[in-house]
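# Pasted the sequence and its predicted model underneath.
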Amino acid sequence: MRKDGVFIAVEVDDSVASDAALAAKLAEVCPVDIFAAGDGGVQIVEKNLDECVLCRLCLDAAVGWGSDTPVKVLKLYDDGAVLT
Ligand code: SF4
């Protein structure tokens, strides 16, 4: 699942996107509410995407879930560079 803002895009690997526990964790850590926990698992709140402060808390929170990079933050203003 991927959602794009103007400056920032966020991608959540489909293998973990429906996980309620991960959804709750992401919703808890992101300081600008880019993630929400819904019935179907992780939701990306599109209207908040460009508020991302590149804090990496979501990347840390997702370590150990599914793939090596279950959550990606893409800097669209920098040719889509992945926040590491
Ligand atoms: S890097 Fe920080 S502000 Fe950006 S989506 Fe992740 S937790 Fe939210």
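It's in. Numbering: from 1, shown residues only.
# what does the longest helix anywhere in the chain contact?
In the chain, ranked by residue count with DSSP state H as the criterion, the top helix is helix 20-29. Residues from elsewhere that reach helix 20-29 (CB atoms under 8 Å, 6 or more residues apart in numbering): 16, 33, 35-38, 41-43, 57-58, 60-62, 65, 70-71. Backbone N, C-alpha and C define where each C-beta goes, glycine included.
# Beyond that helix, next helix or strand please.
strand 35-38 (DSSP states H and E).
# Need the CA coordinates for that next one. PDB is fine.
The C-alpha trace of strand 35-38 is given here as PDB (Å, rounded to 0.1, in the frame of the first residue of the first chain):
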ATOM      1  CA  PHE A  35      -0.700   6.500  10.400                       C
ATOM      2  CA  ALA A  36      -4.000   5.400  11.800                       C
ATOM      3  CA  ALA A  37      -5.200   2.000  13.000                       C
ATOM      4  CA  GLY A  38      -8.400   1.000  11.300                       C
END
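# Any residues of the chain in contact with the ligand? List them.
10, 29-32, 34, 52-58, 73 (CB under 6 Å from any ligand atom).
# Run through the residues that contact residue 32.
48, 51, 52, 53.
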